[in-house]
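A.B. asks: What follows is a protein structure lacking sequence information:
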């Protein structure tokens, strides 16, 4: 079981590895869970993840590391937070590709 501890408004850490993500103070607000889980995968971790805040589970179920690594949660100032699929830098959507083809 991998425990990811949330801190502050936009911070997460994995104590045994010393890995952490702190998005506090960033202009683009993104939840730290996805980025931290991708770092954990890069360091060879796998298995179920429990997300906690002050020792209390945040979600009802523990989910696989690959599930969390494949998601990003984006908080917009005028809308509710939304869950989006993670896209690595340089990724193009089908709409972007078709727009480039028309140019």
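C.D. replies: Happy to help now that I have it. Remember, it's a predicted structure, so these values are computed and weren't measured experimentally.
A.B. asks: Mind telling me which residue is nearest the centre of this protein?
C.D. replies: In the chain, the residue lying closest to the centroid (Cα atoms, centre = their mean) is residue 34, at 1.5 Å.
A.B. asks: tell me the secondary structure for that residue?
C.D. replies: On the three-state scheme (DSSP: H, G, I helix; E, B strand; the rest coil), residue 34 is labelled helix.
A.B. asks: Which residue is the nearest non-sequential neighbour of it?
C.D. replies: Residue nearest to residue 34 in three dimensions, not counting chain neighbours: residue 72, with 4.5 Å by Cβ to Cβ, 6 or more residues apart in numbering. Glycine gets a C-beta too; all of them are placed from N, C-alpha and C.
A.B. asks: Got the phi and psi for the one you found?
C.D. replies: The phi and psi values for residue 72, taken as degrees, to the nearest 10, are phi -130, psi 140.
A.B. asks: What ranges does the protein have for its helices?
C.D. replies: Secondary structure of the chain (DSSP state H): helices located at 33-42, 65-69, 94-102.
A.B. asks: which ones are touching residue 25?
C.D. replies: Contact analysis of residue 25 by Cβ atoms under 8 Å, 6 or more residues apart in numbering lists nothing.
A.B. asks: Name the residues of stretch 43-53 that are buried.
C.D. replies: 45, 49, 51 (16 or more other Cβ atoms under 10 Å).
A.B. asks: Return the member of these nearest to residue 86.
C.D. replies: Nearest to residue 86 out of those is residue 49 (Cβ to Cβ; 14.9 Å).
A.B. asks: list the contacts for that closest one?
C.D. replies: Contact analysis of residue 49 by Cβ under 8 Å, 6+ apart lists 1, 2, 3, 4, 37, 62, 63, 64, 65, 67, 68.
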